[in-house]
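got a predicted structure here, sequence first:
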Amino acid sequence: MLELRGVELKHEQQTMQDSMFLMQQMQWREQLEEVDSPPDPLSELDVLDIEIQQHINQALDQLESLLFEHSASSDDAGANVVRKLKFFYKLKNEIAIKEEALSNF
């Protein structure tokens, strides 16, 4: 919908300017990397997956609100939300891959 409004998302060329979100991304990545070491790694993955799903739900709600605004600033904010959603869905996929690998042991 944003592209129909003339907003170019430029996923790979546009970097995220939200430093707090970038720091949170690093924490989630570290958490995913270290999930092999807890006593119950599958449980840790479930907790992480639920947390990411909550962020996805919040981002989708935010995007819906922004799409109703029809302004340049809401379009820019919506593009940033889409970039965050792209990260969230990629991380959920990585969680699923790790969960499958751990389940095969």
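Right, received. Where do you want to start?

neighbours of residue 98, just the number please.
Other residues lying near residue 98 total 20 when counted by other CB atoms under 10 Å. In short, each C-beta sits where N, CA and C put it, glycine included.

helix or strand right after the helix or strand hosting residue 55?
Here residue 55, judged by DSSP states H and E, is contained in helix 41-69. Scanning forward in sequence from helix 41-69 by DSSP H and E, the next helix or strand is helix 72-103.

from the contact counts, what lies against that next one?
helix 19-33, helix 41-69 (3 or more CB pairs under 8 Å, 6 or more residues apart in numbering; DSSP states H and E).

need those in a markdown table (columns: mean neighbour count, mean pLDDT and distance to residue 88).
Converted to a markdown table, the helices and strands packed on helix 72-103 look like this (neighbours: other CB atoms under 10 Å; pLDDT from 0 to 100; distance: least, CB to CB, whole Å):
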| stretch | mean neighbour count | mean pLDDT | distance to residue 88 |
| --- | --- | --- | --- |
| helix 19-33 | 12 | 93 | 9 |
| helix 41-69 | 15 | 95 | 5 |
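
ok, the most centrally placed residue in the chain to residue 68 distance?
Nearest residue to the geometric centre of the chain (CA atoms, centre = their mean): residue 88, 1.8 Å. Distance of residue 88 to residue 68, computed by CB to CB, to the nearest Å: 22 Å.

check residue 26 too.
Taking CB to CB, one finds residue 26 at 32 Å from residue 68.
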